[in-house]
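> just coords:
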């Protein structure tokens, strides 16, 4: 199989001899093929069904009267899209579609995911007519670019997002609710009926509905002027958190620090709105969740009121302030145990500045994700947004000392000799959300804590999505303990979560497991019998101890409860208190 994949790489990637394609990388690519192919199929099916459903709806409306001008344009585009799919052409050839969707390896085939459609019918009067065209962005880029209020530059013109192609049918229910603490950049999913009480629910928390980013329609704004020296891009606030699963990686150590280079880390990112508005607590974008129409968040109050009135009448629902989201699997480096938000921001920006000077990259080729922790500290996840990774992170580790020194020299020699930060050293329009936190002197002090060359310490075992857990209690004691936790006001625990610890320990299955990816809290509860044939056996007890120590080394808290304690109220009080302390809740 590996030889076959090498042949594919050689055919579609002629310059592969200039790159190191390791056996591990090929094995990861093979493992991802079924999932990536399914993603392509789902994306194409959603695109097709959207066009069919919209065309049917507009044709029905046309029978009862005239359509609005924007509806006429939309109907014409859906017809052209379906006609193009039916035509036998090189663009609809199976291998061409797979390559464009990013399934096959090769240059120019990583533009997978989200498409923006610009129709010639949208080009203004007096402007040279051009053919329809489309832009393709990976979801992580589309999350920042294809949003209301931003300008998109293409084919000599400036365009704006006017319509989202939200999923149709049963998939239209994929709306999530998030609890947002913008001051600490903490975001978490909440149930639609749980409200704002899941995480203490103070005034600093806000509830926000989110929808996965989808294909969009663009509308022409104006021609690009020669006098326009800088292109406009809307600074946005993107929050997120790490899911549990990843494909493993390596753990590196410095004299006083530890770095985790993770492959295929599952992340959830949420664009909560323009950066300046988000700071003031105005979250989301004005979006109609029925038809997908949008307005700029900077539109006048009168225009927004008109937008709401029109869609209340036509769609039967008032447009809301909505976030756009995406899930992705990315390579990244995890820095743990930073003191506060300021430290996480300055360390990340300093590393990007140094890497941009040493490596062939722009500072935005690597992105920052701040992860607040329950103890008030922060983790920093520095990730590569390109699918499959671009190799920049490994180069960062290989040239760590050089990049670190380049960053220190650049930060210490600001042309403006600013007190904290300015546009000559650390500030850009993209990181405006963090301007009040940026401090070049603080960044230099942080880099001093990461001296030396990273040394490979050990392999990080992969964590797969849980597919073996029963999700149900396996005995009366486990069921009784789960009920006690709920009655005590503690969160819902998962039953029988299987955790792979690698060789030689294999897998372990706690009776109850709790995972909070936002706070970074993981808690495993074992309900142990103490008879000689079970956990009371000396050899079995020693094996259990090794497994549970290994869990704690991976950051999972472990609590052991004897089955006999379930009938002892005083003993259970102590256990419940320990659990609540681990979860930092009353």
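Received, thanks. None of the values given here were measured: they were computed from a predicted structure.

> quick one: low-confidence ranges for the stretch 151-300 of the chain?
Segments of the stretch 151-300 of the chain classed as low confidence (criterion: pLDDT under 70) are 167-174, 191-205, 228-229.

> the strands in it, which residues?
Residue ranges of the strands in the stretch 151-300 of the chain, as given by DSSP state E, counting those that start in this stretch, are 152-154, 157-164, 176-181, 186-190, 205-212, 216-223, 236-242, 249-253, 258-274, 285-287.

> how big is the angle separating the second one from strand 216-223?
In other words, strand 157-164. In this structure, strand 157-164 runs at an angle of 150 degrees to strand 216-223, with axes from the mean of the first three to the mean of the last three Cα atoms, to 10 degrees as the basis.

> will you turn the strands of the stretch 151-300 of the chain into TSV that also has distance to residue 449 and mean neighbour count?
Every residue, glycine included, has its C-beta placed from N, CA and C. Formatted as TSV, the entries for the strands of the stretch 151-300 of the chain read as follows, by distance: least, Cβ to Cβ, whole Å; neighbours: other Cβ atoms under 10 Å:
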stretch	distance to residue 449	mean neighbour count
strand 152-154	41	17
strand 157-164	42	21
strand 176-181	27	20
strand 186-190	25	20
strand 205-212	32	19
strand 216-223	43	19
strand 236-242	23	24
strand 249-253	13	18
strand 258-274	12	23
strand 285-287	39	25
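
> With respect to residue 346, which of those lies nearest?
With Cβ to Cβ, the closest approach to residue 346 among the strands of the stretch 151-300 of the chain belongs to strand 258-274: 16.9 Å.

> so residue 428 touches residue 363, yeah?
Yes. Residue 428 is within contact range of residue 363, at 7.2 Å (criterion: Cβ atoms under 8 Å).

> Need the overlap of contacts for these two.
Taking Cβ atoms under 8 Å, 6 or more residues apart in numbering as the criterion, residue 428 and residue 363 do not both touch any residue.

> Need the strands of the stretch 151-300 of the chain in JSON lines (columns: distance to residue 297).
Formatted as JSON lines, the strands of the stretch 151-300 of the chain follow (distance: least, Cβ to Cβ, whole Å):
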{"stretch": "strand 152-154", "distance to residue 297": "16"}
{"stretch": "strand 157-164", "distance to residue 297": "12"}
{"stretch": "strand 176-181", "distance to residue 297": "16"}
{"stretch": "strand 186-190", "distance to residue 297": "19"}
{"stretch": "strand 205-212", "distance to residue 297": "13"}
{"stretch": "strand 216-223", "distance to residue 297": "16"}
{"stretch": "strand 236-242", "distance to residue 297": "10"}
{"stretch": "strand 249-253", "distance to residue 297": "38"}
{"stretch": "strand 258-274", "distance to residue 297": "6"}
{"stretch": "strand 285-287", "distance to residue 297": "6"}
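
> wait, which of those strands is closest to residue 298?
strand 258-274 (7.5 Å).

> pLDDT averaged over stretch 86-93 - what is it?
Stretch 86-93 shows a mean pLDDT of 63 in the predicted model.

> All further residue positions should be reported with the first residue as 624.
Let's use 624 as the start, then, which means that last one is stretch 709-716.

> what packs against whichever strand or helix holds residue 948?
Taking DSSP states H and E as the definition, one finds residue 948 inside strand 943-961. Here strand 943-961 is seen to pack against helix 762-768, strand 828-835, strand 881-897, strand 908-910, helix 964-981, strand 1001-1007, helix 1015-1021 when contacts are counted using 3 or more Cβ pairs under 8 Å, 6 or more residues apart in numbering; DSSP states H and E.

> Name the SS class of residue 984, please.
Judged by DSSP: H, G, I helix; E, B strand; the rest coil, the three-state class of residue 984 is coil.

> Let's see the pLDDT reported for the closest residue to it other than its chain neighbours.
In space, not counting the residues next to it along the chain, residue 984 is nearest to residue 1015; the distance is 5.6 Å by Cβ to Cβ, 6 or more residues apart in numbering. With respect to pLDDT, residue 1015 has a value of 89.

> For residue 998, the count of nearby residues, please.
Close neighbours of residue 998, defined as other Cβ atoms under 10 Å, add up to 10.

> Distance check, it against residue 668.
As defined by Cβ to Cβ, to the nearest Å, residue 998 lies at a distance of 45 Å from residue 668.

> Would you quantify the distance from residue 1121 to residue 1184?
When distances are taken as Cβ to Cβ, residue 1121 and residue 1184 turn out to be 20 Å apart.

> actually residue 1023, not the one I wrote
Applying Cβ to Cβ to residue 1023 and residue 1184 gives a distance of 45 Å.

> try residue 1130
For residue 1130, the distance to residue 1184 - Cβ to Cβ - is 21 Å.

> now swap in residue 832 and tell me
Noted for residue 832: a distance of 39 Å to residue 1184, by Cβ to Cβ.

> just to revisit the earlier point, of the helices and strands packed on strand 943-961, which approaches residue 697 most closely?
With Cβ to Cβ as the measure, strand 908-910 is the member of those nearest residue 697 (16.3 Å).

> Show me what that closest one packs onto, helices and strands only.
Counting contacts by 3+ Cβ pairs under 8 Å, 6+ apart, strand 908-910 is packed against strand 943-961.

> right, and residue 974 touches residue 1016 too?
No. Taking Cβ under 8 Å as the definition, residue 974 is not a contact partner of residue 1016, at 10.5 Å.

> Find residues that contact each of these two.
Between them, residue 974 and residue 1016 have 989, 1005 as joint contacts when contacts are counted by Cβ under 8 Å, 6+ apart.

> And those two? Which one has more around it.
Neighbours were tallied for residue 974 and for residue 1016 using other Cβ under 10 Å; the higher tally belongs to residue 974 (26 against 21).
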